[in-house]
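Student: Need coordinates for the below:
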Amino acid sequence: MKVVAIVPARGGSKGVPKKNIRLLGGYPLIAYSIVAAKLTKQIDRVVVSTDSEEIAEISRYYKADVPFIRPQEYAQDHSPDNDFVVHAIRWFEKHEGKAPKLLVHLRPTTPLRNPAVMDQAITEIFKYPDATCLRSAHPCTESPFKWFLKKDDGFFTGLQTNDMDALNRPRQMFPTVYVPDGYVDILKTDFIKNSDSIHGNRVLAFISPFCREVDTIDDFEMLEFQVRKEGSPLLTYLKDHFSSKR
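Tutor: Numbers count the residues shown, from 1 in each chain. This is a model prediction of the structure:
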């Protein structure tokens, strides 16, 4: 299998308890990422990396593979992404003989994705053999070049200049800044195995649609409002194929 989606889901979450399996529209948050990956044509397999047996059981119900339980040392509050990615690659090589060519990193906290957009990202990275990875981001609505820093003396200054009139120019006069959003990040296993980094310094830019991420209870409430008002093809698929009781 060349392209495998990997969905990292720790059991512990201090900000929002059991965040990855908290219900959104009646379904666990992680189910949205699993279903989005299953509906992406170029993804061959969906793997969930978790330290939680509860999350593993729920993930299997939504047809994801959970071939291993992530060791606790790679599932701490401050564990970097490198830990679970490298652990997964080593597991694939040891137990299946070979790691996939690409890992599509899908954070459960970015639940509302379009599988067609994910297919576009996969197609794009195959065009750039010199790219070390692909990361998605959407345009920032308010340029941070207009923002302030507060100095120790109690006065404001700009990030790059003290000329406050210059900071008040129309946003169109500033460079476009992009917000990393977790919509679809694609990692190259061959690069990772020969590097100390999972992203490298040749990061292919993929401009994704705006998407809301879940970090707080307020974020959940906003997403609940969004799916009630606008609906979601992923939620429709879940309702058509799975019981909401799980």
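Student: does the closest residue to residue 100 other than its chain neighbours count as helix, strand or coil?
Tutor: Leaving out its chain neighbours, the residue that sits closest to residue 100 by Cβ to Cβ, 6 or more residues apart in numbering is residue 4, at 4.1 Å. (Glycine included, C-beta is placed from N, CA and C.) With DSSP: H, G, I helix; E, B strand; the rest coil as the basis, residue 4 sits in strand.
Student: and stretch 217-225, average pLDDT?
Tutor: For stretch 217-225, mean pLDDT rounds to 91.
Student: er, stretch 64-72 actually
Tutor: 92.
Student: got the contact list for residue 58?
Tutor: The contact partners of residue 58, taken as Cβ atoms under 8 Å, 6 or more residues apart in numbering, are 21, 28, 30, 31, 246.
Student: before we move on, which element is it in?
Tutor: If you go by DSSP states H and E, residue 58 is part of helix 53-61.
Student: circling back to that earlier point, ok, now which ones touch the residue nearest to residue 100?
Tutor: For residue 4, the contacting residues are 43, 44, 45, 46, 47, 100, 102, 103, 104, by Cβ under 8 Å, 6+ apart.
Student: For it, list each beta-bridge partner.
Tutor: residue 45, residue 103 (DSSP bridges).
Student: Let the chain start at 800 from now.
Tutor: Sure thing, new numbering starts at 800, so read that last one as residue 803.
Student: measure it to residue 901 for me?
Tutor: Separation of residue 803 from residue 901 (Cβ to Cβ, to the nearest Å): 7 Å.
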